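I would like to see how this sequence folds:
(2 chains)
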Protein chains: 2
Amino acid sequence: MTPVSTNIFSEIPEQIPEELFECIFKKDNVVIERIVSNGHVTPAGQWYDQSSDEWVILLQGQATLFFEQDQQLVSLMPGDYLLIPAHTRHRVEWTRADFNTIWLAVHI
Amino acid sequence: MTPVSTNIFSEIPEQIPEELFECIFKKDNVVIERIVSNGHVTPAGQWYDQSSDEWVILLQGQATLFFEQDQQLVSLMPGDYLLIPAHTRHRVEWTRADFNTIWLAVHI
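Here you go, the predicted model:
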């Protein structure tokens, strides 16, 4: 059977009251996820502290992450990717409010 | 240590006589790869017949794949992704010759 393609920029609800996380592929312990943010940030005082590594690329929009250990901001533009090793505490500090920010994350 | 970001659209050689394959992340049996094509196609009579699944997204440019079993063409635009299961014989039938086509492949 011929594989069917899907577009990562399509089928985004008009309103996304909460950040949107969707698993678009899963095999064994690997999960590929689409994330859509629109002005969303990690709630104050909260951190992501993940049990697996996350390789993530920003595909559209703009965002800023904040890493606890070095108290460093990392700004991301389309095409920017980085590896967030497991248990690297970080927050989404800012995403554009006027435009969807679309991420592709590979949890490994 | 704060993760450092890299841009997937950067550091592309001006001339790419052959299709460019670069591993940008590897963990266990998972490989994330950037592929840059510029008019490159799979040589006549040759097929990709891979031992692992390949989840691939086209990030820039334009391409057409050809799948042997159903003799089907699949055209890809930016944002289009698909899963090519292991041993699904396929070819890159066409890529734009006037522009770099950039793919992100996750071999799982």
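
contacts only, for the nearest residue to A:Ile8 once chain neighbours are set aside.
Nearest residue to A:Ile8, sequence neighbours excluded (CB to CB, 6 or more residues apart in numbering or on different chains): B:Gly79, at 4.6 Å. No exception for glycine: its C-beta is placed from N, CA and C like everyone else's. Neighbouring residues of B:Gly79 by CB atoms under 8 Å, 6 or more residues apart in numbering or on different chains: A:7-10, A:59, B:57-59.

can you tell me which of these lies nearest to B:Asp28?
B:Asp28 lies nearest to B:Ile57 out of the contacts of B:Gly79, by CB to CB, at 21.1 Å.

dump the residue contacts of the closest one.
So B:Ile57 contacts A:8, A:104, B:79-81, B:103-104 (CB under 8 Å, 6+ apart).

any chance of JSON lines for these, columns distance to B:Arg91 and secondary structure?
Formatted as JSON lines, these follow (distance: CB to CB, whole Å; DSSP: H, G, I helix; E, B strand; the rest coil):
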{"residue": "A:Ile8", "distance to B:Arg91": "23", "secondary structure": "coil"}
{"residue": "A:Leu104", "distance to B:Arg91": "25", "secondary structure": "strand"}
{"residue": "B:Gly79", "distance to B:Arg91": "22", "secondary structure": "coil"}
{"residue": "B:Asp80", "distance to B:Arg91": "17", "secondary structure": "strand"}
{"residue": "B:Tyr81", "distance to B:Arg91": "18", "secondary structure": "strand"}
{"residue": "B:Trp103", "distance to B:Arg91": "14", "secondary structure": "strand"}
{"residue": "B:Leu104", "distance to B:Arg91": "19", "secondary structure": "strand"}
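
all set, thanks.
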